[in-house]
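In: Structure, please.
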Amino acid sequence: MASQTIVKSTGGSIVDVPGIQVGHYTLSERLTGCSVVLARDGAVGAVDVRGAAPGTRETDLLDPANLVDKVHAVVLSGGSAFGLDAATGVVRWLDEQGIGFETGYGRVPIVPAAVLFDLPVVRVGDNPTARPNAEAGYTACAAASAATPAAGNVGAGAGACVGKLFGLDRCMKGGIGNASVRVGPWVVGALVACNAVGDVIDPTTGQILAGARTADGQKLIDTQRAFLQGERSNRPLPGTNTTIGVVATNASLNKAQAKRLAMSAHDGLARSIRPAHTTLDGDTLFAVATGTETSPADLMLLTLMTAEATARATVDAIAKAQGITTLTGLVPAAKDWRA
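Out: As a prediction, this is how the structure comes out:
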């Protein structure tokens, strides 16, 4: 294969934020799964949706104008809209732990979710109808801890692929990745499941790390450049891609401030995915603030940290991915590309 710079992980994860735990569940029947970010004590939540074809749950309540200000978990899942069922299992698990929004008639767990489309990723012997369900979400919660989360072909990133604008037979493996950034008393961590239609870029060099390949599979085509030069392909269906993720901080924020972090996280996607936020993606990023650091928040600094953590987590997803063979052929990972 063509010469390619080795992709390196930059370290850290979302569980570097006190009060955050992560659990993955990966199906054995097919490459798909779900990932749960737990905030047992509740965390101020927000969301920003930039893609044109999102699949989400409980995002309206995160609007700063609405009542509920804290979430207890966020679910990232494969399986397209079917994967939203994983959130039901998370709600059940939280309910059993007595965690939720107090209503006077019982505690109601607040669990937003977003999904990505990995239904075409089927290997020989897989069950193509297997999708993350409520039991998958429940099991991911039971597995959640403050240990550094696994990355690559696990959880919501199990079936993720990137660079699909010229067909699945020319794409590369995506995945789920981790990163965190510390400055002074603050920490921002990110968990990103990258399933973009575009290519993934090293933000420090501008080099393509993974993406659409040439017809012979030996080189990277540079999707954006190819399109701008007039090359076209069979257009994928809207929503059959999507990058989803969660950023978390220990800062004390209100919902409007958390919304600014969710918005800034998309700057990280724009630095690391080209093109990003397309009509074929449903890019959705959540932000949660645990508030364990009580000093006045430096929102300007936190937004910069958020964009950086998101970009690094996207690169980490590619660095940790493993190549697979599906019914449409080999889907190589970035680490497979050597001189």
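
In: what kind of secondary structure is Ala147 in?
Out: Recorded secondary structure, Ala147: coil (DSSP: H, G, I helix; E, B strand; the rest coil).

In: Can you tell me, leaving aside adjacent residues, what's nearest to it?
Out: Closest residue to Ala147 apart from its sequence neighbours, by C-beta to C-beta, 6 or more residues apart in numbering: Val15 at 7.0 Å. (C-beta placed from N, C-alpha, C; glycine too.)

In: For the one you found, give me its contacts.
Out: 21-22, 145-149, 189 (C-beta atoms under 8 Å, 6 or more residues apart in numbering).

In: got those residues as JSON lines, with pLDDT columns?
Out: Output for those, formatted as JSON lines (pLDDT from 0 to 100):
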{"residue": "Gln21", "pLDDT": "98"}
{"residue": "Val22", "pLDDT": "98"}
{"residue": "Ser145", "pLDDT": "97"}
{"residue": "Ala146", "pLDDT": "97"}
{"residue": "Ala147", "pLDDT": "97"}
{"residue": "Thr148", "pLDDT": "96"}
{"residue": "Pro149", "pLDDT": "97"}
{"residue": "Gly189", "pLDDT": "98"}
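
In: Pull out the buried members of those residues.
Out: 21-22, 149, 189 (16 or more other C-beta atoms under 10 Å).

In: Using a markdown table, please lay out the residues you listed together with secondary structure and distance to Ala86.
Out: Putting these into a markdown table (DSSP: H, G, I helix; E, B strand; the rest coil; distance: C-beta to C-beta, whole Å) gives the following:
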| residue | secondary structure | distance to Ala86 |
| --- | --- | --- |
| Gln21 | strand | 16 |
| Val22 | strand | 14 |
| Pro149 | coil | 16 |
| Gly189 | strand | 21 |
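
In: and the two most separated of those residues?
Out: The span of the buried ones among the contacts of Val15, defined through C-beta to C-beta, is set by Gln21 and Gly189 at 11.6 Å.

In: what's around the closest residue to Pro54 other than its chain neighbours, how many residues?
Out: Distances taken as C-beta to C-beta, 6+ apart place Gly282 nearest to Pro54, at 3.6 Å, with adjacent residues excluded. The local packing of Gly282 (other C-beta atoms under 10 Å) involves 27 other residues.

In: okay, Gly282: pLDDT?
Out: With respect to pLDDT, Gly282 scores 89.
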